[in-house]
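Participant: Generate a structure from the sequence data that follows.
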Amino acid sequence: MPRTNPQLLRTYNHRLNGIAPSGIRHFDDTISKNEDLIKLTLGEPDLDTPEHIKQAAIQGINDNDSHYSAQAGKVELRQAITNYLSTRWNLEYDAEEVVVTNGATQSIYSALQAIVNPGDEVIIPTPIFSLYEPIIEILGGHAVDVDTSNTGFKLTPALLEDALKQHPGVVALVINDPNNPTGVSYTADEVKQLGQVIAKSPIWVLSDEIYGELTFDHDHYSLAREIPDQVLYINGLSKSHAMTGWRFGYICGPSEIMQRVKMINAYMVTCVADNVQDAALEAMTNGQEDAYEAKAIYQKRRDLVSNRLDEMGVEYVMPTSTFYCFIKIDDSYGKDDYQFGLDLAEKVGLGVIPGRMFGKSGEGYIRISFAASEEKLTAGLDRLNKFIQLLGK
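Facilitator: Next up, the predicted model:
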């Protein structure tokens, strides 16, 4: 196998020196050596992609739909996206203000690349999915973490105003609503209050709403309804339609910035695969019931998890959305959720993700995913209960 010429080792992008591989994946790999492990680790729906969506992709392949599409995505797909956003979330965009991407992950990268220059600061309320901060660092920016653990794991207007006052040069704010890992979601009133604060500052908002369809206890309300001229709206089908492996996402925003996002997309990937776009068109056009059905399944599982945790006397954050539950670890561990997770896997065979993987403010918690069958969830919670009983002896 070839080894790098030593003279070349100093020529790579040095910003990567401070970037670590995904902590979530690393921890999952570490504990997965246990063959008896019940894994409630990754945000991977156990449901299948609906049949009519799969058939649309198959039909596209059979019809030899295998050539370059428009770089921003097929126009009929982008129009279907705007129709969906208008009907479902009261968001108004033109097809030219939409760019189709290889998953919401690429949307996030492209959005940040379009707005972050070296030295720029970006506010990130934590705990939050661990993708945003490394991208900001790769681009030469700096993340400004805002701890939400004392405000119900939500960014409040007061917290945001304080962060903006302390960092007057901030260029953007990241909002992940509904939130991974906590499962909390913002009400319409809370979104409106944040919008009022944001509107006073010349900053962009990257609003990642990939779990919007999986909101249980109130209607999801997008920040893009309040300040559309400042929001880069990101969504996709991975969670709502069990399409994680299809890698489909999209980003919408004001036309001027979207021209830049479109250019980044063109240079990065040219376009998304045709059969993926064919499947997405079917989902966006005829797949709303699929999202409702998925939501009902996850809500039932949420109730199963919360009821069982209540019986066990375990403190947790009630998930009002997503398919995650953020659970406080036993006091005997202090805030060492990492060791708690290792011991949980080793002693009773239950796999979870330590809360610190989502930022310092997640320390002292673990995240479980209830994107798993009721049978698997019940068995996993039995093991959690067993572990807690062992600690009490």
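
Participant: where along the chain do the helices fall?
Facilitator: Secondary structure of the chain (DSSP state H): helices at 23-31, 51-62, 75-89, 103-115, 132-138, 157-166, 188-198, 255-269, 274-286, 288-312, 337-348, 374-392.

Participant: Residue 325 is nearest to which of those helices?
Facilitator: Closest of the helices of the chain to residue 325 is helix 288-312, at 5.3 Å (criterion: C-beta to C-beta). (Each C-beta comes from the backbone N, C-alpha and C, glycine too.)

Participant: Touching the closest one from outside, list them.
Facilitator: Contacts to helix 288-312, defined as C-beta atoms under 8 Å, 6 or more residues apart in numbering, come from residues 45, 47, 50, 53, 84, 88, 183, 213-216, 240-242, 283, 316, 318-319, 322-323, 325, 327, 368, 370-372, 374, 377-378, 381, 384-385, 388.

Participant: Quick one, which of the residues you listed are buried?
Facilitator: Buried subset of the contacts of helix 288-312 (neighbour count, 16 or more other C-beta atoms under 10 Å): 45, 47, 50, 53, 84, 183, 213-216, 240-242, 283, 316, 318-319, 322-323, 325, 327, 368, 370-372, 377, 381, 384-385, 388.

Participant: Assess the claim that residue 135 and residue 112 are in contact.
Facilitator: Yes - shown here, residue 135 and residue 112 form a contact pair, counting by C-beta atoms under 8 Å, at 5.2 Å.

Participant: Of these two, which one has the most company?
Facilitator: Using other C-beta atoms under 10 Å, the more surrounded residue of residue 135 and residue 112 is residue 112, with 24 against 21.

Participant: First residue to last residue on stretch 313-332, what's the distance there?
Facilitator: 15 Å (C-alpha to C-alpha, to the nearest Å).

Participant: Ok, stretch 26-42 next?
Facilitator: With C-alpha to C-alpha as the measure, stretch 26-42 spans 11 Å from end to end.

Participant: Please identify the buried residues of that stretch?
Facilitator: For stretch 26-42, using 16+ other C-beta under 10 Å, the buried residues are 27, 28, 31, 37, 38, 39, 40, 41.

Participant: do stretch 172-191 as well
Facilitator: Using 16+ other C-beta under 10 Å as the test for burial, stretch 172-191 gives 172-186, 190-191.

Participant: Show me these that map onto strands.
Facilitator: Judged by DSSP state E, strands contain the following of the buried residues of stretch 172-191: 172, 173, 174, 175, 176.

Participant: my read: the second one touches residue 199, true?
Facilitator: No - under the criterion of C-beta under 8 Å, residue 173 lies out of contact with residue 199, with a separation of 11.9 Å.

Participant: for the spatially closest residue to residue 58 that is not a sequence neighbour, what are its contacts?
Facilitator: Nearest non-adjacent residue to residue 58, counting by C-beta to C-beta, 6 or more residues apart in numbering: residue 275, 7.9 Å away. Taking C-beta under 8 Å, 6+ apart as the criterion, residue 275 is in contact with 57, 58, 60, 61, 65, 66.

Participant: For the residues you listed, which two are the farthest from each other?
Facilitator: Taking C-beta to C-beta as the measure, those span a maximum distance of 12.7 Å, between 58 and 66.

Participant: who's more crowded, these two?
Facilitator: residue 58 (13 against 10).

Participant: Quick check: that one vs residue 278, distance?
Facilitator: In this view, residue 58 and residue 278 are 9 Å apart by C-beta to C-beta, to the nearest Å.

Participant: Could you do residue 255 as well?
Facilitator: Using C-beta to C-beta, residue 255 is found at 26 Å from residue 278.

Participant: And the two? Which one has more around it.
Facilitator: Taking other C-beta under 10 Å, residue 255 and residue 278 do not tie; residue 278 has more neighbours (23 against 11).

Participant: Give the closest residue to that one in space, chain neighbours not counted.
Facilitator: Counting by C-beta to C-beta, 6+ apart, residue 60 is the residue found nearest to residue 278 once chain neighbours are left out, at 3.4 Å.

Participant: And for the one you found, the neighbour number?
Facilitator: Neighbour tally, residue 60, other C-beta under 10 Å: 20.

Participant: With the one 10 residues further on instead?
Facilitator: Burial measure for residue 70: 15 neighbouring residues, criterion other C-beta under 10 Å.

Participant: That one contacts residue 271, doesn't it?
Facilitator: Yes - counting by C-beta under 8 Å, residue 271 is a contact partner of residue 70 at 6.8 Å.

Participant: Average pLDDT for stretch 96-107, rounded please.
Facilitator: For stretch 96-107, mean pLDDT rounds to 97.

Participant: and if you look at stretch 175-191?
Facilitator: In the prediction, stretch 175-191 has an average pLDDT of 98.

Participant: tell me how far the ends of that stretch are from each other?
Facilitator: Distance across stretch 175-191, first residue to last, is 10 Å (C-alpha to C-alpha).

Participant: rewinding a little: quick check: the two most widely separated of the buried residues of stretch 26-42?
Facilitator: The distance between the two most remote of the buried residues of stretch 26-42 (C-beta to C-beta) is 15.3 Å, for 27 and 38.

Participant: Which strands and helices lie in contact with the helix or strand of the chain with the lowest mean pLDDT?
Facilitator: Every helix and strand of the chain was ranked by mean pLDDT, DSSP states H and E. The lowest is helix 23-31, at a mean of 89. If you count contacts as 3 or more C-beta pairs under 8 Å, 6 or more residues apart in numbering; DSSP states H and E, helix 23-31 packs onto helix 337-348, strand 353-354.

Participant: how far is it from where the chain is centred?
Facilitator: Offset of helix 23-31 from its chain centre (C-alpha atoms, centre = their mean, to the nearest Å): 18 Å.

Participant: Check stretch 160-175 too.
Facilitator: 21 Å.

Participant: Kindly report the same for stretch 268-283.
Facilitator: That offset, for stretch 268-283, works out to 20 Å (C-alpha atoms, centre = their mean).

Participant: So for that stretch, what gets flagged as buried?
Facilitator: Neighbour-count burial for stretch 268-283, with 16+ other C-beta under 10 Å as criterion, is recorded at 269, 271-283.
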